[in-house]
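Engineer: Need coordinates for the below:
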Amino acid sequence: MQLRPFLKNGQLTLDQVNAAELSPGNFAHRVRERVENNFHGVVVIDSLNSYLNAMPAEQFLVMQMHELLAFLNQRGLLSILVMAQHGLLGHMQSPVDMSYLTDTVVLMRYFEFNGTVNKAISVIKKCSGAHEGMIREFQLGPQGISLGPALSDFHGVLTGVPNYTGESGQLLSKDGHGREK
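Structural biologist: Predicted structure coming up:
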């Protein structure tokens, strides 16, 4: 997706924040200030890990995020929070549990198959409306997001230690389509 046109016409704003130079309170103030200046749309905070590292204690982060998210929600904005978990493969842990503050939780994991690193996506929590409970392989490429069929022949993908019992045709090829069996 080409972002430059949206940056030029003001539909998209990117702010790089250094957690070592800006306190969490100042960050929340900047977000509120930007929203109060007739902002409409989506707020993405990537990543909460930096915010957490700048915060002296976990309970303060949760309290500040609760206040900030309540403000954004009152303004009718979609808020997307990105948080990396500790550990790429195997057992993963979140640095802080913020799931009770969210309406939807999407989990993305890496898994290995036949010597390649693949990505899986699943919706773990959704407060309103139905959602699919399947785990699917996904790829990000020049054409966007490609989703594969449900990884029904894998067990343990979310634990980071998957066990595969099926055929390789279930997974996506490099071009985002199913592999030959």
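
Engineer: Might one say that Ser23 is in contact with Tyr51?
Structural biologist: No. Contact criterion Cβ atoms under 8 Å: Ser23 and Tyr51 do not qualify, at 10.2 Å. Backbone N, C-alpha and C define where each C-beta goes, glycine included.

Engineer: Give me the common contacts of these two.
Structural biologist: By Cβ atoms under 8 Å, 6 or more residues apart in numbering, Ser23 and Tyr51 have no common neighbours.

Engineer: Pick out the least confidently modelled helix or strand of the chain, by mean pLDDT.
Structural biologist: Of all helical and strand segments in the chain, the minimum by mean pLDDT, DSSP states H and E falls on helix 48-54, at a mean of 76.

Engineer: Tell me the helices and strands packed up against that helix.
Structural biologist: helix 24-36, helix 58-74 (3 or more Cβ pairs under 8 Å, 6 or more residues apart in numbering; DSSP states H and E).

Engineer: The last one: which residues count as buried?
Structural biologist: In other words, helix 58-74. Residues of helix 58-74 classed as buried by neighbour count (16 or more other Cβ atoms under 10 Å): Leu61, Val62, Gln64, Met65, Leu68, Leu69, Phe71, Leu72.

Engineer: residue contacts, the fourth one?
Structural biologist: The reference is to Met65. Leu48, Tyr51, Leu81, Met98, Leu101.
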